[in-house]
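>>> kindly generate the corresponding structure for this input.
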Amino acid sequence: MSKLKTYQEQLQEIVEKGINAAEEQQQKLAAKPFEYAEKLESGAREYSVESLRSRYNGYSDSLFGQLRSLNNRFGSFAADLVAKLEKDAAEGADTVSEAADDVSEAAQDAKKSVETKKPAARKTTAKKKTAQKSSATSA
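Presented below is the predicted three-dimensional model:
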């Protein structure tokens, strides 16, 4: 019987070691959520709602400040571009105006040239037409 008693004690010892190992693992697993909760709680204490609002407003102000700066830079770029386009358009308009003046002068010169030649031609044509009418009525 003493062998049976030894087996019994060994078996109880094995079971005891298993229970101890299981208990240790269970405590480690159970500790994790509490550790996270404690970290969260300390973090929550570190960041009050007021400090969170202040940080948010700071980030927000910074973001919108950068956007305004970008808008100002874009506005300057657009203003330079518009000024260049207006300058080019004015130069183009001046060129067109000069060309129109040249065409107008040429037209005036051509008109004068034609007018000085036309009256003599009209009179001749008018005399021919009058002569043709008279001969047509006499016939």
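>>> mind listing the helices for this protein?
Across the chain, reading from the start of the chain, the helices by DSSP state H fall at 2-46, 49-138.
>>> hey, least reliable of the ones you listed by pLDDT?
Ranked by mean pLDDT, the helices of the chain bottom out at helix 49-138, which scores a mean of 79.
>>> same list, the helices of the chain, but as TSV with mean neighbour count please.
For glycine as for every other residue, the C-beta is placed from the backbone atoms N, C-alpha and C. Compiled in TSV, those are given as follows (neighbours: other C-beta atoms under 10 Å):
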stretch	mean neighbour count
helix 2-46	10
helix 49-138	10
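>>> residue 93 and residue 99: what is the separation?
Taking C-beta to C-beta, to the nearest Å as the measure, residue 93 and residue 99 are separated by 11 Å.
>>> how about residue 37?
Relative to residue 99, residue 37 is positioned 85 Å away (criterion: C-beta to C-beta).
>>> try residue 87
19 Å.
>>> before we move on, what about residue 116?
Separation of residue 116 from residue 99 (C-beta to C-beta): 26 Å.
>>> before we move on, what about residue 12?
Residue 12 is 117 Å from residue 99, where distance means C-beta to C-beta.
>>> ditto for residue 70
From residue 70 over to residue 99 (counting by C-beta to C-beta), the distance is 43 Å.
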